[in-house]
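[1] Sharing a model prediction with you, sequence too.
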Amino acid sequence: MANVAIEFNNVGKMYRLGRVGTGTLSHDLNRWWTTNILRKEDPYLKIGETNDRSKKGHSDYVWALHDISFKVEQGDVVGIIGKNGAGKSTLLKLLSRITSPTTGSIRYQGRIASLLEVGTGFHPEMTGRENIYMNGSIMGMTKKEITRKLDEIVDFAGVERYLDTPVKRYSSGMTVRLGFAIAAFLEPEILVVDEVLAVGDAEFQKKAIGKMKDVSQDGGRTVLFVSHNMDSMLKLCNKGALLENGVVKYRSDIASTVAEYQRSGVSEFSFIRNENGTTPSVFLSSFKFVGSDNQQKGLFALNEKICFKLRIKKKEGFVPDSNTVVSVLLNTLNGTRIATKEILLSDINLEKELHFEYPANVLMPNKYLFRIVIHIPNVLGIDQQDAAVFTLYDVNSDFNKYNNGSRGLVYYEPIITI
């Protein structure tokens, strides 16, 4: 049985909205007397509400995290997934001892290195070199051990020219590079990384993901990783935890957790509604994906038809050319064209929505984009909009195998004769 690296036991974190403290002297005295003298539970814990930012509450106290209990085994790379405000960063701050839990306890084995925000643990007046030694000392490393790792840290971060310059003169990208290099190369048993990596460029993100893989797979170290980039999650993590309104909604392997996150409707997709248009003539007025229940959505399983509705409008008094065409283009996110459907504008009832269906089991799991172009072919472009992104997933297979388009864009089953 693998060793447990981190254990969360009924962990909760409550915050008071508005002012610091309870807001009144009597409340503060009551809390102090109950918790410190009588050694009883904080009386204000009972009136805390779930941290749902979309709804108006009735209490000034909210649970940013509530009743979190799970274990992380040594060598696991756990992706913490959830919407903004779900409690992901709060969980990592509790583990990093930046703040303390209101209830429960956290146990862990080994040293923790954290990269939670740009400039975490840096003194802006100290140079990059000085900050490296300071961070290493805080982690309990000797000067000799830090010196041995110095060249690797500087090379990975790419800040050799600025090594003896105060960190306050670094760009946010340089600061993140150096902060990650310190956290990763000073050999902590537990590495905690928030979505701060998004500040870095594509080259650095690729290097960082690779380094975290090395740290976990070759070094046997434990990684907790928060990101909104599901591709990075699937490439790096082996397990996942889905947070919703401060509680753990789902835990499993990373592929299943990502699929659950996306099935629950938490997906990045656009919805256009533009009653006035940006062109003086004809324009795309609305676009939305819909499911079989006619409700708006942005995620489809492989066995579902991909359905969407759009509406074209024209300005009052405008008479379009008879050759005007509406092109519905299906693309990958990097612009590769997959399919095109063209309709003469004169064949469209501008008073009604157009309903489109793409057949099921044709595209591979991935993210795709619909672009709507209204034009007179080879003559005039009238309106062009990237209408919406949808995600296609396969819950019954290894999501990671198909997620990035590495196995192509469409299913192809050849006929094999033996």
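    Alright, I've got the coordinates.
[2] element containing residue 388, please.
    If you go by DSSP states H and E, residue 388 is part of strand 380-393.
[3] So in that sheet, which strands flank that strand, and in what orientation?
    If you go by DSSP bridges, strand 380-393 pairs up with strand 299-301 (parallel), strand 366-376 (antiparallel).
[4] Which among those is found nearest to residue 110?
    Proximity to residue 110 (CB to CB) singles out strand 366-376 among the strands paired with strand 380-393, at 37.0 Å. C-beta coordinates here come from the backbone N, C-alpha and C atoms, glycine included.
[5] How is the chain partitioned into domains?
    The chain is divided into the following domains under automatic domain parsing: 4-110+189-263, 272-402.
[6] ranges for the strands of the stretch 1-150 of the chain?
    4-16, 49-50, 61-73, 77-81, 103-108, 112-115 (DSSP state E, counting those that start in this stretch).
[7] What is the fourth one packed up against?
    The contact analysis (3 or more CB pairs under 8 Å, 6 or more residues apart in numbering; DSSP states H and E) places strand 77-81 against helix 88-95, helix 202-217, strand 222-226, helix 230-236, strand 239-244, helix 254-263.
[8] deepest of those, which one?
    Highest mean neighbour count among the helices and strands packed on strand 77-81 (mean count of other CB atoms under 10 Å): strand 222-226, with a mean of 25.
[9] rewinding a little: with respect to the strands paired with strand 380-393, which exhibits the lowest mean confidence?
    Lowest mean pLDDT of those: strand 299-301, a mean of 80.
[10] Check which residues of it are buried.
    The neighbour-count check on strand 299-301 (16 or more other CB atoms under 10 Å) flags 299-301 as buried.
[11] need the next SSE after that strand, C-terminal direction.
    strand 306-314.
[12] could you check the angle strand 380-393 makes with that next one?
    Strand 306-314 runs at 160 degrees relative to strand 380-393, counting by axes from the mean of the first three to the mean of the last three CA atoms, to 10 degrees.
[13] Contacts for the helix or strand immediately after strand 306-314 in the chain next, please.
    Note on strand 306-314: by DSSP H and E, the next helix or strand toward the C-terminus is strand 325-332. For strand 325-332, the external contacting residues (CB atoms under 8 Å, 6 or more residues apart in numbering) are 310, 312, 337-345, 348, 356, 358, 366-377, 405, 409.
[14] just the buried members of those residues?
    Counted by 16+ other CB under 10 Å, the contacts of strand 325-332 give 310, 312, 345, 348, 356, 358, 366-375, 405, 409 as buried.
[15] quick one: low-confidence parts of the stretch 51-200 of the chain?
    For the stretch 51-200 of the chain, residues meeting the criterion pLDDT under 70 lie at 51-60, 118-120, 196-200.
[16] do the same with the stretch 201-350 of the chain
    Checking the stretch 201-350 of the chain against pLDDT under 70 turns up 231, 262-280, 334.
[17] on that earlier part again, quick one: which of the strands paired with strand 380-393 is nearest residue 288?
    Taking CB to CB, strand 366-376 is the member of the strands paired with strand 380-393 nearest to residue 288, at 10.7 Å.
[18] For the spatially most central residue of the chain, which non-adjacent residue is spatially closest?
    The residue lying closest to the centre of the chain (CA atoms, centre = their mean) is residue 228, at 0.7 Å. Closest residue to residue 228 apart from its sequence neighbours, by CB to CB, 6 or more residues apart in numbering: residue 195 at 6.1 Å.
[19] Tell me the spacing between that neighbour and residue 203.
    Distance of residue 195 to residue 203, computed by CB to CB, to the nearest Å: 18 Å.
[20] just residue 299 next, same as before
    From residue 299 across to residue 203, the span is 30 Å (CB to CB).
[21] go on, residue 315?
    As judged by CB to CB, residue 315 and residue 203 stand 46 Å apart.
[22] again, but for residue 238
    Counting by CB to CB - residue 238 and residue 203 are separated by 25 Å.
[23] likewise residue 115?
    18 Å.
[24] Single out the most deeply packed of the domains of the chain.
    Mean neighbour counts for the domains of the chain (mean count of other CB under 10 Å) peak at domain 4-110+189-263, with a mean of 17.
[25] now that domain: how far from the chain's centre is it?
    14 Å (CA atoms, centre = their mean, to the nearest Å).
[26] Thought residue 307 was touching residue 370, still the case?
    No - with contact defined as CB atoms under 8 Å, residue 370 and residue 307 do not form a contacting pair (11.7 Å).
[27] got any residues that touch both of the two?
    Here residue 370 and residue 307 share no contacting residue, scored by CB under 8 Å, 6+ apart.
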